[in-house]
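J.: need the 3D shape of this:
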Amino acid sequence: MSQIQELHQEAMDLAEMAQVAKLKGDFNSASQLSREAFEKERLAAELIAGNLEAEPTRSVLHRSAATLGVECGEIHTAERLIAIALSGNPPTEIAEELKDLFVQINIDKYFARRGLTFDEAKLQSFMG
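T.: Below you'll find the model as predicted:
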């Protein structure tokens, strides 16, 4: 197994453990496990970042790392991971998911700059 695959598998195992800890109400462990998962997935993404031919793996790893980063409050790093993923040639579906994640991260700030408030609950009820 390659180092990238190993890191990714470890990250996914840690993320799953974090979810279990969250369900059990152990938020300290969940937070620590999520951060460890994020760090491993970020490393895996960094190892493949320069290989633009490695799609969809390249963009999937970046999307996963960015998502974990958001969960850990690493917003700036998540934005950078999204930008790196989109700078390659991600499949359309993954590119759309990356763009959606970017909007999710920034929508509150976007509206705030325009003096508006964003009510996510209203949007969810409207959408769903």
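J.: in this protein, where is pLDDT below threshold?
T.: 1, 123, 126-128 (pLDDT under 70).
J.: okay, and Ala83 sits in which element?
T.: Using DSSP states H and E, Ala83 sits in helix 75-86.
J.: tell me what that helix is packed against?
T.: helix 27-48, helix 57-71, helix 92-113 (3 or more C-beta pairs under 8 Å, 6 or more residues apart in numbering; DSSP states H and E). C-beta coordinates here come from the backbone N, C-alpha and C atoms, glycine included.
J.: and the angle from the shortest one to helix 92-113?
T.: Between the direction of helix 57-71 and that of helix 92-113, the angle (axes from the mean of the first three to the mean of the last three C-alpha atoms, to 10 degrees) works out to 30 degrees.
J.: so how far is helix 57-71 off the chain centroid?
T.: Offset of helix 57-71 from its chain centre (C-alpha atoms, centre = their mean, to the nearest Å): 4 Å.
J.: please apply the same query to stretch 65-85.
T.: 5 Å.
J.: likewise for stretch 14-23?
T.: Taking mean C-alpha positions (C-alpha atoms, centre = their mean), stretch 14-23 and its chain are 16 Å apart.
J.: just give me the neighbour total for Glu39.
T.: Glu39 has 19 neighbouring residues, counting by other C-beta atoms under 10 Å.
J.: tell me the contacts of the residue nearest the centre of the chain?
T.: In the chain, the centroid-proximal residue (C-alpha atoms, centre = their mean) is Thr67; its distance is 1.4 Å. By C-beta atoms under 8 Å, 6 or more residues apart in numbering, the contact set of Thr67 is 78, 101.
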